[in-house]
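[1] Provided below are the primary sequence and the corresponding predicted coordinates.
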Amino acid sequence: MSDAVTKFRPPVTVLSGFLGAGKTTLLRHLLAQAEGRKWAVVVNDVAAINVDAQLVAGAGAARVVELGNGCVCCSVKDSLAETVAELAAGGAYEHILIETTGVAEPRGVADLFLRKNAFWRSLGDFAQLSALVTVIDARSFLDEQRRSRRAVAMDMETEERRKRGEKGEREGFPGGRKPVFELMVDQAECADVLVLNKCDLASEAELAEVAGVLRALNPRAELLRVERGQVASEWLLGRVRFDGVETVGAARWIRVIKGEEKSGGGGAAGRMAITARPAVAPHPRHEADYGITSFVWEARRALVREKFFAWLDSGLPEGLLRAKGFFWLADQPEDMGFLSVAGGRARAEFVGTWVAALRKSGVIAEAEISGAARAKWAEPHGDRRQELVFIGTGLDAEKLRETLEACLA
Ligand SMILES: [Zn+2]
């Protein structure tokens with residue numbers, strides 16, 4: 001074991017949240033409670049001029065590092081790793097706080113701590129990820145969700161069309177850039193703490209609704225209601241909440257697809273499980289009454305592209321909050337399709353090649369089929385399947401199954 005692994009690894013708290021959620025205000029509030037403790041802050045901004053860093057400087061941090069010109073979850077990922085490793089290696093700071101850009105995905109930052117690089121090191125060797133904290137502006141979350149319901153389900157992005165053109169794919173594919181609400185959902189799904197901020201600007205009914213939605217998306221995270229970013233630093237920074245398996249797999253859709261959350265099943269084309277209600281909090285609140293249900297639709301027949309995309313365009317059921325999972329198209333049988341629906345917007349992409357196709361073309365040998373693919377294997381189509389999780393309120397599972405089966409080839 002190397003020295004870096006055994007010596008003090010300062011805890012790192014990552015603040016995420018969409019633009020305007022109140023991350024900087026929360027950060028300043030935390031720093032005001034530093035009381036002489038040595039906390040270092042890394043502030044990320046996609047722009048060259050880092051306004052947030054200027055706001056944070058002098059708010060109580062022992063050191064402020066600005067990371068501009070890119071986003072720490074993707075384009076300047078390496079710079080973040082280097083910065084945090086450097087801050088940690090000096091041993092001068094008791095805690096490191098990272099404020100990400102509004103469009104950053106916490107999963108990408110968590111990756112830095114978990115994934116080993118070419119030298120078999122990860123950021124986790126230098127610093128300890130303490131918590132992924134997502135700040136949510138209650139009102140704008142609801143507004144964005146409502147807007148996404150009204151929006152046309154298909155996002156036709158020119159860039160995606162261009163990419164598909166290069167790959168010789170077809171028109172009529174609901175791909176494109178991630179819509180705002182889906183990004184907000186992603187940020188909420190990969191989090192240890194959800195800070196529902198600006199609660200003074202929303203009604204009790206609205207707060208209960210957002211809380212219900214957040215519970216539906218991420219049943220594991222601790223949910224805190226606050227006003228003007230006022231969080232007690234002891235509560236937020238005082239203990240480690242992040243877990244490499246639990247946090248990363250906290251999203252309800254992941255729990256459902258892994259079979260960690262389901263009951264019942266059956267159905268001609270596969271299992272159609274109706275899961276239990278979300279775990280009831282120690283103090284039952286309104287969110288438990290929203291009747292969140294989740295279903296897995298699984299089938300071992302290919303989908304007809306036109307029918308499936310028409311269904312995504314106009315057949316998404318009322319009350320659907322989230323859908324995610326794999327799909328298999330009859331006219332593109334090699335490629336593994338991945339669907340993501342947040343609110344009323346569907347986004348589909350191809351994320352790889354079905355293992356069965358790789359096996360058939362001789363790219364991999366029988367012995368190289370991964371355990372994950374093997375677990376889903378069924379002859380004659382191998383791992384090719386429809387496996388979609390639907391999460392929502394008042395969903396009619398039977399109707400959902402029937403309409404989807406009508407799209408099968
Ligand atoms: Zn990013």
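    Now that the structure is in, tell me what you want to look at. This one's a predicted model, so the numbers in the text were calculated from it and none came from an experiment.
[2] How much space separates residue 337 from residue 353?
    According to CB to CB, to the nearest Å, residue 337 and residue 353 sit 11 Å apart. C-beta: built from backbone N, CA, C; applies to glycine.
[3] any chance you could map the helices in the stretch 251-400 of the chain?
    Per DSSP state H, counting those that start in this stretch, the stretch 251-400 of the chain carries helices over the ranges 252-257, 305-314, 355-360, 371-375, 397-405.
[4] Let me know the secondary structure of residue 130.
    The assignment at residue 130 comes out as strand when based on DSSP: H, G, I helix; E, B strand; the rest coil.
[5] Contact partners for the nearest residue to it once chain neighbours are set aside?
    Closest residue in space to residue 130, ignoring its immediate chain neighbours: residue 11 at 3.7 Å, by CB to CB, 6 or more residues apart in numbering. The neighbours of residue 11, taking CB atoms under 8 Å, 6 or more residues apart in numbering as the test, are 95-96, 127-130, 237, 240.
[6] Count the neighbours of the closest residue to residue 60 other than its chain neighbours for me.
    Once flanking residues are discounted, residue 60 sits nearest to residue 31: 3.6 Å by CB to CB, 6+ apart. Counted with other CB atoms under 10 Å, residues neighbouring residue 31 total 20.
[7] got it, and the one 3 residues further on?
    Burial of residue 34 is recorded as 19 neighbouring residues (other CB under 10 Å).
[8] Am I right that it sits in a strand?
    No - assessed with three-state DSSP, residue 34 is coil; it does not lie in a strand.
[9] need the contact list for it.
    Neighbouring residues of residue 34 by CB under 8 Å, 6+ apart: 60-62, 233.
[10] can you tell me how far it sits from residue 66?
    Where residue 66 is concerned, residue 34 sits at a distance of 19 Å (CB to CB).
[11] Between which two of the contacts of residue 34 is the distance greatest?
    Pairwise distances across those peak at 14.1 Å for 62 and 233 (criterion: CB to CB).
[12] Which helix or which strand is home to residue 88?
    Assigned by DSSP states H and E, residue 88 belongs to helix 77-89.
[13] what packs against that helix?
    Helices and strands touching helix 77-89, by 3 or more CB pairs under 8 Å, 6 or more residues apart in numbering; DSSP states H and E, are strand 39-44, strand 63-67, strand 95-99, helix 106-114.
[14] Those: lowest mean pLDDT?
    With a mean of 89, strand 63-67 has the lowest mean pLDDT of these.
[15] could I get that one in CSV with only the CA atoms?
    Taking C-alpha atoms only, strand 63-67 is exported to CSV below (Å, rounded to 0.1, in the frame of the first residue of the first chain):
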residue,chain,number,x,y,z
ARG,A,63,-8.2,28.9,-0.1
VAL,A,64,-10.2,29.4,-3.3
VAL,A,65,-9.2,27.8,-6.5
GLU,A,66,-11.0,28.8,-9.7
LEU,A,67,-11.5,26.3,-12.5
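[16] Go ahead and confirm residue 221 touches residue 191.
    Yes - in this structure residue 221 lies within contact range of residue 191 using CB atoms under 8 Å: 5.0 Å.
[17] and for these two, which residues touch both?
    134, 250.
[18] neighbour count winner among these two?
    Neighbour comparison, residue 221 and residue 191: the larger count goes to residue 191, with 33 against 25 (by other CB under 10 Å).
[19] May I have the predicted confidence score for that one?
    98.
[20] now the one 5 residues further on
    Confidence at residue 196, expressed as pLDDT, is 96.
[21] where does it land in three-state SS?
    Going by three-state DSSP: residue 196 is strand.
[22] In contact with the closest residue to it other than its chain neighbours, which residues?
    Distances taken as CB to CB, 6+ apart place residue 225 nearest to residue 196, at 4.8 Å, with adjacent residues excluded. Neighbouring residues of residue 225 by CB under 8 Å, 6+ apart: 196, 199, 207, 211.
[23] what does residue 377 give?
    By CB under 8 Å, 6+ apart, residue 377 lies in contact with 369, 383.
[24] try it again with 7 Å
    Counting by CB atoms under 7 Å, 6 or more residues apart in numbering, residue 377 touches residue 383.
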